[in-house]
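>>> Here is a sequence together with a model predicted from it:
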Amino acid sequence: NFKKPTLATWMGSGLDTSRGFQNNHMYPLMQTKNDIIDFIMDDFHLNGDNLFSIKGDMGEEPIQDDDKKRQLMGEFNLFKNRNQKFINGSPLLPDSIYSKYFPR
């Protein structure tokens with residue numbers, strides 16, 4: 001009977017704890033505090049305009065797959081747009097949900 005909000009304030013879908021290599025998630029990566037140019041989705045790594053396939057030993061190999069590249073770029077742009085809203089001051093959680101679970 002634990003009541004929990006329908007929304008959470010984190011982005012993402014958790015960590016993969018499988019013993020074998022797999023990735024069912026999407027992650028942006030920051031190489032420096034100012035650059036977000038890397039994005040990982042499934043077994044693919046987008047670095048700027050370059051697409052790589054991630055191997056089971058965590059090595060990478062460059063690939064040419066325009067459809068997959070567009071898919072990753074689209075998801076990466078969605079992330080960056082959501083992130084920009086937060087940077088611009090949008091709340092992480094609507095006041096109505098916050099007030100319901102944390103009354104004053």
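Sure thing, it's come through.
>>> Can you get me a residue count around the nearest residue to residue 58 once chain neighbours are set aside?
Sequence neighbours aside, residue 21 is the residue nearest to residue 58 in space, at 7.5 Å (criterion: Cβ to Cβ, 6 or more residues apart in numbering). Every C-beta, even on glycine, is put in place using the N, C-alpha and C of the backbone. Close neighbours of residue 21, defined as other Cβ atoms under 10 Å, add up to 12.
>>> Correct me if wrong: residue 21 contacts residue 42.
No. Look at residue 21 against residue 42 with Cβ atoms under 8 Å: they stay out of range, at 11.5 Å.
>>> Low-confidence ranges, the chain, go.
Flagging of the chain using pLDDT under 70 yields the residue ranges 7-16.
>>> Can you give me the distance of the nearest residue to residue 29 once chain neighbours are set aside to residue 90?
Once its chain neighbours are removed from consideration, residue 29 has its nearest residue in residue 38; the separation is 3.9 Å (Cβ to Cβ, 6+ apart). Relative to residue 90, residue 38 is positioned 24 Å away (criterion: Cβ to Cβ, to the nearest Å).
>>> Those two: which has the busier surroundings?
Neighbours were counted for residue 38 and for residue 90 using other Cβ under 10 Å; residue 38 has more, 17 against 9.
>>> Fine by me, we can end here.
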